[in-house]
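*Asks:* sequence first, then the predicted structure:
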Amino acid sequence: MENLKITDTDTKIEVTFSDFKLDVNGLIPVIVQDAESNEVLMMAYMDEEAYNTTLSTGKMTYFSRSRNEQWIKGLTSGHFQYLQSLEVDCDKDTLLAKITQVGAACHTNNRSCFYRNIYKNEQ
């Protein structure tokens, strides 16, 4: 698959997958956020194929570490995620995908994977 280039419109820098700092398995974490509400919905990983597929189709595609394969979010559940924007952090080691979510983001059928509170400061 071709190495897609995205141009940062503010700084005119071309970004390709090879520009990212990846983990030892060649993956980059992706924080997934609702483009309208800014709610954080989930965190997943992309390899180069998932990254390029996401950019070329507009459907969020990830690399499933547990299944060791590509995973188009919603393909089996119908709960697709449509890419609105993609940003990289200052260290180029994490992506932020702002998306339009159809249905639940979590495999538990919750809107977000972050639905279990561990700590809350009540002050």
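*Replies:* Received the coordinates, thanks. Please read all numbers here as calculations on a predicted model, not as lab measurements.

*Asks:* following the lowest-mean-pLDDT helix or strand in the chain, which helix or strand comes up?
*Replies:* Scoring the helices and strands of the chain by mean pLDDT, DSSP states H and E places strand 6-7 at the bottom, with a mean of 56. Counting by DSSP states H and E, the element after strand 6-7 in chain order, helix or strand, is strand 14-15.

*Asks:* quick one: strands adjacent to that next one?
*Replies:* As defined by DSSP bridges, the strand partners of strand 14-15 come to strand 6-7 (antiparallel).

*Asks:* checking my notes, Thr54 in a helix, right?
*Replies:* Yes: assigned with DSSP: H, G, I helix; E, B strand; the rest coil, Thr54 falls within a helix.

*Asks:* ok, what's across the strand from the residue nearest to it when sequence neighbours are not counted?
*Replies:* If the residues on either side of it in the chain are set aside, Thr54 comes closest to Thr61, at 4.7 Å by C-beta to C-beta, 6 or more residues apart in numbering. Bear in mind the C-beta positions are built from the backbone N, C-alpha and C, glycine included. Beta-bridge pairing of Thr61 under DSSP bridges involves Ile72.

*Asks:* what ranges does the protein have for its helices?
*Replies:* If DSSP state H is used as the criterion, the helices of the chain fall at 48-57.

*Asks:* point out where it drops to low pLDDT.
*Replies:* 1-13 (pLDDT under 70).

*Asks:* of all residues in it, which one is nearest the centre?
*Replies:* For the chain, Val30 is the residue whose C-alpha lies nearest the centre (C-alpha atoms, centre = their mean; 3.9 Å).

*Asks:* do you know how far the nearest residue to that one once chain neighbours are set aside is from Asn109?
*Replies:* For Val30, ignoring the flanking residues on the chain, the nearest one in space by C-beta to C-beta, 6+ apart is Leu95 at 4.5 Å. Look at Leu95 and Asn109: by C-beta to C-beta, to the nearest Å, they are 25 Å apart.
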